[in-house]
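Quick one, structure for this:
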Amino acid sequence: MNTSSLNYLLAFLTIMISINSQINPSLALRCLPTKPATTAEFIRTSCKAATYPDLCYISLSTHANAIQTSPHSSAHTALSVALTTARTTKGVTSKISKDPGLQEREVGALRDCLEVLGNSVEELQKSLVEMSHVQINSKDFGLRMNNIQTWVSAALTNEDTCTEGFEEEAMDGRLKKSVRRRVEKISHLTSNALALINNPMLLANAALSVTLATARTTSAMVSQMSKDAGMRPREAGAMRDCLEVLRATVEELQQSITEMGDVKNSKNFGLQMNDIQTWVSAALTNEDTCTEGFGGKIMDGNLKTVMRGKIVNICHLTSNALALINSFASLHG
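Numbers count the residues shown, from 1 in each chain. Presented below is the predicted three-dimensional model:
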């Protein structure tokens with residue numbers, strides 16, 4: 001994962017944490033009861049987070065058999081519905097733009113709208129393909145989710161741009177109303193899809209995926225640095241201890257990701273979430289232990305700065321992941 005993608009996702013996750021903290025500010029571990037849900041209940045509950053919940057429920061309920069109780073499937077279906085509607089609207093807009101009775105200003109607005117609708121179709125199509133390749137346990141989960149969020153957000157901006165082109169009073173009233181109604185529906189469906197993509201379970205997995213990738217990279221870097229023959233015994237010992245706890249962190253984060261992949265609809269939801277919270281909390285403790293090993297004035301200043309910078313970054317990512325995990329757990333408590 002490149003640095004810009006990591007920073008974008010981290011910034012996005014930080015915003016989500018500030019929102020989710022209103023739901024569950026406590027990071028305390030707790031065992032949660034199981035609450036089995038029917039498909040209809042699952043869709044209705046998921047759609048509560050959507051900008052347009054009624055439209056969300058209506059558009060997804062006809063696909064209940066495909067969705068079942070899967071956050072991934074609900075987001076995938078919402079994208080598919082938005083894409084189908086965008087394609088249909090693009091076709092209708094193309095036909096309308098060929099009307100010889102249109103004014104020049106109206107033709108220009110339709111042409112501009114058609115262009116941005118084409119971009120929306122392309123971005124939603126890319127998002128749908130990417131969502132099909134998303135695997136919760138994969139190393140590139142965070143990057144793929146970041147791509148999807150970026151493309152769907154861009155599609156939403158395009159749709160807003162189209163409706164803005166029909167705001168002038170000189171526009172034909174019926175044309176304006178017809179086009180804006182169609183495009184606003186796509187915009188609402190796209191907004192709902194984005195809300196479902198930002199599902200707490202998917203976000204928690206994205207956060208864990210980013211954290212694990214960073215921990216692995218840092219562990220490999222520390223392993224390489226620890227082989228420096230010019231290092232003093234105290235520094236070599238601190239590096240060795242840090243490497244040990246980093247490897248434990250990688251193992252605990254990997255366990256957490258694996259468990260998150262099995263937690264959906266499980267009868268042991270509460271126990272599994274408790275395990276995940278325990279492992280991620282342990283990873284956070286490990287990282288603190290590593291930074292403490294580089295305390296003291298006699299440590300090499302450059303080494304201390306580099307190591308603390310790397311470990312603090314993992315600490316922040318782990319803390320973010322834990323906050324999102326707790327938010328996901330609280331929503332099912």
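
Verify the stated contact: residue 325 with residue 277.
Yes. Applying C-beta atoms under 8 Å as the test, residue 325 and residue 277 come out as touching, 6.1 Å apart. From N, CA and C alone the C-beta is placed, and that goes for glycine too.

Show me how the chain divides into domains.
Following automatic domain parsing, one gets these domains for the chain: 50-198, 201-331.

Got phi/psi on residue 158?
Main-chain torsions, residue 158, degrees, to the nearest 10: phi -60, psi -40.

Now distance to residue 39 too, for the domains of the chain, in TSV please.
Output for the domains of the chain, formatted as TSV (distance: least, C-beta to C-beta, whole Å):
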stretch	distance to residue 39
domain 50-198	5
domain 201-331	11
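
Out of those domains, flag the one nearest residue 42.
If you check each of these against residue 42 by C-beta to C-beta, domain 50-198 wins as the nearest, at 4.2 Å.

Can you give the distance from that closest one to the centre of its chain?
Relative to the centre of its chain, domain 50-198 is centred 19 Å away, using C-alpha atoms, centre = their mean, to the nearest Å.

Likewise for stretch 39-47?
Worked out by C-alpha atoms, centre = their mean, stretch 39-47 lies 20 Å from the chain centre.

Buried residues in it, which are they?
Buried residues in stretch 39-47, counted by 16 or more other C-beta atoms under 10 Å: 39, 42, 43, 44, 46, 47.

Using CSV, list the CA coordinates for it.
These are the backbone C-alpha positions of stretch 39-47, laid out as CSV (Å, rounded to 0.1, in the frame of the first residue of the first chain):
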residue,chain,number,x,y,z
THR,A,39,-32.7,-10.8,6.0
ALA,A,40,-35.5,-8.1,6.0
GLU,A,41,-34.4,-7.0,9.5
PHE,A,42,-30.8,-6.9,8.5
ILE,A,43,-31.5,-4.8,5.4
ARG,A,44,-33.7,-2.4,7.4
THR,A,45,-31.1,-2.0,10.1
SER,A,46,-28.3,-1.5,7.6
CYS,A,47,-30.4,1.1,5.8
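
Name the nearest of the buried residues of stretch 39-47 relative to residue 60.
residue 43 (5.1 Å).

What strand or helix carries the closest one?
helix 39-47 (DSSP states H and E).

ranges for the helices of the chain?
3-20, 39-47, 53-61, 64-67, 71-96, 104-133, 141-164, 173-197, 200-225, 233-262, 269-292, 301-331 (DSSP state H).

Name the residue closest to the centre of this protein, please.
Ranked by distance to the mean C-alpha position of the chain (C-alpha atoms, centre = their mean), the top residue is residue 203 at 4.3 Å.

quick one: the residue lying closest to that one once chain neighbours are set aside from residue 46, how far?
Distances taken as C-beta to C-beta, 6 or more residues apart in numbering place residue 324 nearest to residue 203, at 5.1 Å, with adjacent residues excluded. Distance of residue 324 to residue 46, given as C-beta to C-beta, to the nearest Å: 17 Å.

what residue ranges in the protein score low on pLDDT?
Applying pLDDT under 70 to the chain picks out residues 1-37, 136-139, 169-172, 264-266, 296-300, 331-333.

distance from the centroid: which residue in it tops it?
Computed with C-alpha atoms, centre = their mean, the most peripheral residue in the chain is residue 101, at 46.1 Å.

how about that one, phi and psi?
phi -90, psi 0.

Could you give me the buried positions within stretch 202-218?
Going by 16+ other C-beta under 10 Å, stretch 202-218 has these buried residues: 202-216, 218.

My error: substitute stretch 100-117 in the last question.
Quick answer for stretch 100-117 (16+ other C-beta under 10 Å): 102, 106, 109, 110, 113, 114, 116, 117.

Which members of those residues define the maximum pairwise distance?
102 and 116, at 18.3 Å, using C-beta to C-beta across the buried residues of stretch 100-117.

Distance of the residue farthest from the centre of the chain relative to residue 175?
Taken as C-beta to C-beta, the span from residue 101 to residue 175 is 10 Å.

got it, and residue 313?
Residue 313 is 53 Å from residue 175, by C-beta to C-beta.

Residue 180 touches residue 163, doesn't it?
Yes. With contact defined as C-beta under 8 Å, residue 180 reaches residue 163; the gap is 5.2 Å.

Skip the chain neighbours and tell me the closest residue to residue 189.
Looking at residue 189 with C-beta to C-beta, 6+ apart, the closest residue is residue 82, at 4.1 Å.

What about that neighbour, how many residues nearby?
30 (other C-beta atoms under 10 Å).

Residue 145 now?
With other C-beta under 10 Å as criterion, residue 145 counts 25.

check contacts around it.
9, 134, 197, 202, 203, 205, 206 (C-beta atoms under 8 Å, 6 or more residues apart in numbering).

Most widely separated two among the residues you listed?
Pairwise over the contacts of residue 145, using C-beta to C-beta, the maximum falls at 9 and 134, 13.8 Å.

more crowded one of these two?
residue 9 (25 against 20).

Residue 255 is in contact with residue 208, correct?
No. Contact criterion C-beta under 8 Å: residue 208 and residue 255 do not qualify, at 10.3 Å.

Overlap of the contact sets of these two?
Joint contacts of residue 208 and residue 255 (C-beta under 8 Å, 6+ apart) do not exist.
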